[in-house]
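**Student:** Build me a structure from this.
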Amino acid sequence: MASHRYLQRDQPPGVPPLELTGERTLPDVPEENYWFRRHLAVYEWIAARVAGRRVVDLACGEGYGSAVLARGGARSVVGVDANPEAHEHARLKYSRPPTLSFERAMIELWDGEVDAAVFLQTIEHVQDPDAVMERLRELVGRDGVAFVSTPNVLTLAPAGAEKSGNPWHVKEYRAEEYRALCERHFGRVELYGLFHARKLRVHQWAIERARWDDVHAALRLTTPFYAWFNPAISVRDFALRAGGTRSLDRALDFVAVLRR
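**Tutor:** Numbers count the residues shown, from 1 in each chain. The predicted model follows:
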């Protein structure tokens, strides 16, 4: 969701707010809450699986996900981002726990001793995804694990389109394309889909089956309904499920768990 002037609200003293541009999601922007919770749900799912590991969170953006991973019991977490404003913001805002740090670097150039790599909602931004996947394989080593997510083009783009209108995206994937990319570089690939749950699942059904968009517009309820609905979305309104290619066609995002 992009706007020329959506800024983060209520940041800690001395932490400059970031502006929402559409390149990365942000917490503390009410209009962005759906996308923030959608991404946060995946970070929390991963945090439960990296306890005790040395983790790098590549393209960490604002830094909230790195903080979630660190609070989840990782041995150490390094958040890496090349953007100077995002890096400075993350460094100032997320100074705890002591196992968390931030470094400014290009993802292709960063090097460190880790056994888990997290790379979420970014592979669709890169010109050479195979080179990035190979770099992730090198970073995590023989006994490590990489978590890589990307949106599903079938639910992100208009029907029949090869790509959404997001100007930051280079390539958006179908499930079979994404699995093929992963399997070119990793011997063990587990692919999960992120789906709507709870009230978001009901809302999706209402739009697809009950023409809810027409109803709220006709009743002039659009603004008050979404002013209530959007801030109420939480991570519990999303669910991750494993599945084959066909069952993932309706997923919002794909989350790959990769091992050598």
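**Student:** Wait, residue 187 touches residue 142, no?
**Tutor:** No. If you go by CB atoms under 8 Å, residue 187 and residue 142 don't touch, sitting 10.7 Å apart. Every residue, glycine included, has its C-beta placed from N, CA and C.
**Student:** intersection of neighbour lists for these two?
**Tutor:** In terms of CB atoms under 8 Å, 6 or more residues apart in numbering, residue 187 and residue 142 are both contacted by the residues residue 260.
**Student:** Regarding the spatially closest residue to residue 23 that is not a sequence neighbour, what is its secondary structure?
**Tutor:** Leaving aside its chain neighbours, residue 23 sits nearest to residue 168 (4.9 Å; criterion: CB to CB, 6 or more residues apart in numbering). For residue 168, the assignment made with DSSP: H, G, I helix; E, B strand; the rest coil gives coil.
**Student:** Assumed residue 32 was part of a helix.
**Tutor:** Yes. Membership of residue 32 in a helix is supported by three-state DSSP.
**Student:** tally of neighbours for it?
**Tutor:** Neighbour count of residue 32, defined by other CB atoms under 10 Å: 21.
**Student:** Now do the contacts for it.
**Tutor:** Residue 32 neighbours (CB under 8 Å, 6+ apart): 1, 6, 20, 25-26.
**Student:** What of residue 89?
**Tutor:** By CB under 8 Å, 6+ apart, the contact set of residue 89 is 15-16, 18, 62-63.
**Student:** switch the cut-off to 10 Å
**Tutor:** 8, 11, 15-18, 26, 61-63, 81, 83, 102 (CB atoms under 10 Å, 6 or more residues apart in numbering).
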